[in-house]
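> I'll drop the sequence and a predicted model, then ask my questions.
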Amino acid sequence: MVRLFTAVLGLSLCLLMVSSISPVAFGGAVVEVVNGDTNGDGERDISDATYYLRWLFRGGPDPVAIICPEDLGAMVTELEGALAAANDALAAASSENEILAGQAAGLEAELVAANDSLVVATTSNSAKDEEIAALQAELAAANASLVECEASLPEPEPEPEPGN
């Protein structure tokens, strides 16, 4: 009987120690729980990590729930709406970018054609400039010959006056 009494007394002392270490587990005083305090003892320390790992790998008691602000749901809804609007704007911008890329390709083809025409026109203008220079040289030579001819002509005789 003494052995039974000793065993009950030892068990009672163990339960008393456990209840003083984890008051939430045995309905003791509730302490303020903060995020990261997985065992609910009111402190964030290495015991939280071991409690979490015990739950994760050995099926121990569940961790204390994460505290979330009440308005977090509204914030998530608002952010989801903003994300959807941003995705819609991105899709519209992508569509517009494709249209602009097509227009740019068309304009680039027109520019290449215009540059080719400019090269042809420049070449043609150079040939015309050479022809004009040659014609100007011929004109200058003809003017010089005309001046020589006019200088070698005899002076015209004055006409007699009528009545004499």
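Structure received.
> can you pull out the helices in this structure?
Remark: helices of the chain, listed N- to C-terminal, are 2-21, 46-58, 72-152; assignment by DSSP state H.
> what separates the longest one from the chain centre, distance-wise?
Okay, so that is helix 72-152. Mean-position distance between helix 72-152 and its chain equals 30 Å (C-alpha atoms, centre = their mean, to the nearest Å).
> Make a markdown table from the helices of the chain and add mean neighbour count, distance to residue 65 and mean pLDDT to it.
Every C-beta, even on glycine, is put in place using the N, C-alpha and C of the backbone. Compiled in a markdown table, the helices of the chain are given as follows (neighbours: other C-beta atoms under 10 Å; distance: least, C-beta to C-beta, whole Å; pLDDT from 0 to 100):
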| stretch | mean neighbour count | distance to residue 65 | mean pLDDT |
| --- | --- | --- | --- |
| helix 2-21 | 10 | 20 | 63 |
| helix 46-58 | 13 | 13 | 91 |
| helix 72-152 | 10 | 13 | 92 |
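> Kindly reformat these as CSV containing distance to residue 64.
Shown next, in CSV, are those (distance: least, C-beta to C-beta, whole Å):
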stretch, distance to residue 64
helix 2-21, 15
helix 46-58, 9
helix 72-152, 18
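> how about residue 134, what does it touch?
With C-beta atoms under 8 Å, 6 or more residues apart in numbering as the criterion, no residue contacts residue 134.
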